[in-house]
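Fold the stuff below for me.
(one chain, ligands or ions: 2)
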Amino acid sequence: MSSKMFRVVVAGGGSAGLTMANRLSRILGASNVALIEPKDEHYYQPLWTLVGGGLKRMEQSEKPMKDFVSKNVHWEKEFVEAFDPDNNKVVLRNGISLNYEYLIIALGITPDYQRVPGLLEGLENAPNVCTNYDAKYVTKTFPAIQNTSKGTALFTHPDTPIKCAGAPQKILYLAEDAIRKRGVRSEVEVAFTHPGGVIFGVQKYAEQLEKVVNKRGIKTYFHHALKELDYASNTAIFHNLKDPENPVKVSIAYEMIHVSPPFKTPEPIATNPNLAAGTGYLDVNTKTLQHNKYSNIFGIGDNINIPSTKTAAGAAAQSGIVEKNLKEVMAKREPVVFYDGYTSCPLVTGGNKGILAEFDINGQPLQTLPSIFGQHKEKKLWYFMKARMMPHLYWYGMIKGPWKGPAVVRKMLRLGF
Ligand code: FAD
Ligand code: UQ1
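Ligands and ions are numbered 1, 2, ... in the order given. Predicted coordinates:
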């Protein structure tokens, strides 16, 4: 089978990979950068929360790849079959190999439906089982909410890392809002399950979210992890993990269920012990984003082994780190810039309000705006930013432009500009 050679190969053309391929092609010029991405369309996934909440249409989250891949990028519309880092080679599913000097791995993460028996079957067959976490099922969510006028509307958070760890509860709040507006709130119990002991990992925002949950009469089940779905009898089976040594089986009957599924890394990473850490995630240095074993490989986006919440906002911040450090490595120098784990999660709490969470790798708030703006308070402004401003920043600032996250804005504001 044939092989092709590129200065840089980018594996995966989602938020992180497409951003990097476009940006590097501007620096390195035509024919030096290859992008491997099998899909024809690119989704702005953060909008799926609003699609599920009935506030946006699915088409608004989708644009054709061909309009967003720079003409200087060589696009291979194929799957990565395997990485061969010892030979600087990526093997594609069609048998073609791409050789590289430098490789950027950005395959994202994918739902691990097998971990919850019955879930995929429920998503395929039952109108009252839905998830915002899969392009195939997002449009099931709002009809499922609108069809619920009694019983329990159940929303789950998984026991693995997940994209945008706030999204499992954003849809909870939007659903509660929609059910209330339909005048049937007193007939429906709205409930949220979480495998941990707190609603959100950053205390500053958790305090506000607890108030939202209490004010709106939402029932919470902490230490609960979804283990099985019996969609035929509308029953979700959980393990209560309060004593992790002795999990207790708990069944909850639902009228509708929105599942945020467990996630895993794609096979070419998970099954490659040279590339993956013990967790199955790409083994990069959490500060430089360079691979811990192969100095000519960098990782970016959801697939990397960092404890920070996985978001497009995080990938934007990482893009600046990878770009700079890759340039240094190309010039035979050491990486010089370090990722602080910046991530952001606009926590929509209703059809016109939200909290703008921004934090670092230690779960400490790292806010762009001075505290007088009250990013941790429920405001219309944060909803407006999420629904109206961020999509433009994403498509034209990040994917097609130079946006590397708000660190520069934050520093300028701190200096008093
Ligand atoms: P992705 O964008 O998922 O891209 C991975 C790409 O790799 C895909 O295009 C895929 O086709 C490709 N790929 C996979 N396997 C292979 C293979 N074998 N060969 C070749 N290509 C492959 N982020 C925020 O910043 N704010 C939010 O409010 C927010 N809300 C969210 C709400 C929901 C419901 C969801 C689902 C996500 C949300 N996110 C949010 C998270 C954000 O979308 C992701 O963090 C971001 O897309 C990660 O980018 P990525 O490039 O790492 O992965
Ligand atoms: C961000 O940089 C970004 O990437 C384009 C998002 O898109 C998903 C965001 O939602 C957010 C909040 C940021 C951070 C930017 C600002 C101005 C706070």
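
CA atoms for contacts and neighbours, from now on please.
Noted.

where does P266 land on pLDDT?
pLDDT for P266: 98.

For it, the count of nearby residues, please.
The burial count assigned to P266 is 18, neighbours taken as other C-alpha atoms under 10 Å.

for it, what are its contacts?
By C-alpha atoms under 8 Å, 6 or more residues apart in numbering, the contact list for P266 reads L107, G108, I109, T110.

The closest residue to the first one other than its chain neighbours: how many residues sit nearby?
Going back to what we said before, that points to L107. Residue nearest to L107 in three dimensions, not counting chain neighbours: G12, with 4.6 Å by C-alpha to C-alpha, 6 or more residues apart in numbering. Residues lying near G12 (other C-alpha under 10 Å) number 23.

before we move on, the earlier item: farthest pair within the contacts of P266?
Greatest spacing in the contacts of P266, by C-alpha to C-alpha: L107 and T110 (9.0 Å).

what about the helices in this structure?
For the chain, applying DSSP state H gives helices covering 15-28, 48-52, 119-125, 141-146, 167-181, 203-215, 267-270, 312-330, 380-384, 390-392, 407-415.

Switch those over to TSV; also include distance to R93 and mean neighbour count.
Below are those laid out as TSV (distance: least, C-alpha to C-alpha, whole Å; neighbours: other C-alpha atoms under 10 Å):
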stretch	distance to R93	mean neighbour count
helix 15-28	19	24
helix 48-52	29	26
helix 119-125	25	17
helix 141-146	33	21
helix 167-181	33	23
helix 203-215	44	15
helix 267-270	11	20
helix 312-330	26	22
helix 380-384	41	19
helix 390-392	32	16
helix 407-415	39	12
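
Distance to S371 added to the ones you listed, as CSV?
Shown next, in CSV, are the helices of the chain (distance: least, C-alpha to C-alpha, whole Å):
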stretch, distance to S371
helix 15-28, 29
helix 48-52, 27
helix 119-125, 42
helix 141-146, 35
helix 167-181, 23
helix 203-215, 12
helix 267-270, 40
helix 312-330, 20
helix 380-384, 14
helix 390-392, 21
helix 407-415, 11
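
closest to L92 out of these?
helix 267-270 (10.4 Å).

The closest one packs against which elements?
Here helix 267-270 touches strand 80-84, going by 3 or more C-alpha pairs under 8 Å, 6 or more residues apart in numbering; DSSP states H and E.

looking only at pLDDT, what's the mean for the strand it packs on?
Rounded mean pLDDT across strand 80-84 is 98.

buried sites along that strand?
The neighbour-count criterion (16 or more other C-alpha atoms under 10 Å) identifies V80, E81, A82, F83 as the buried residues of strand 80-84.

what's the answer for stretch 125-134, then?
Result for stretch 125-134 [16+ other C-alpha under 10 Å]: buried residues A126, P127, N128, V129, C130, T131, N132, Y133.
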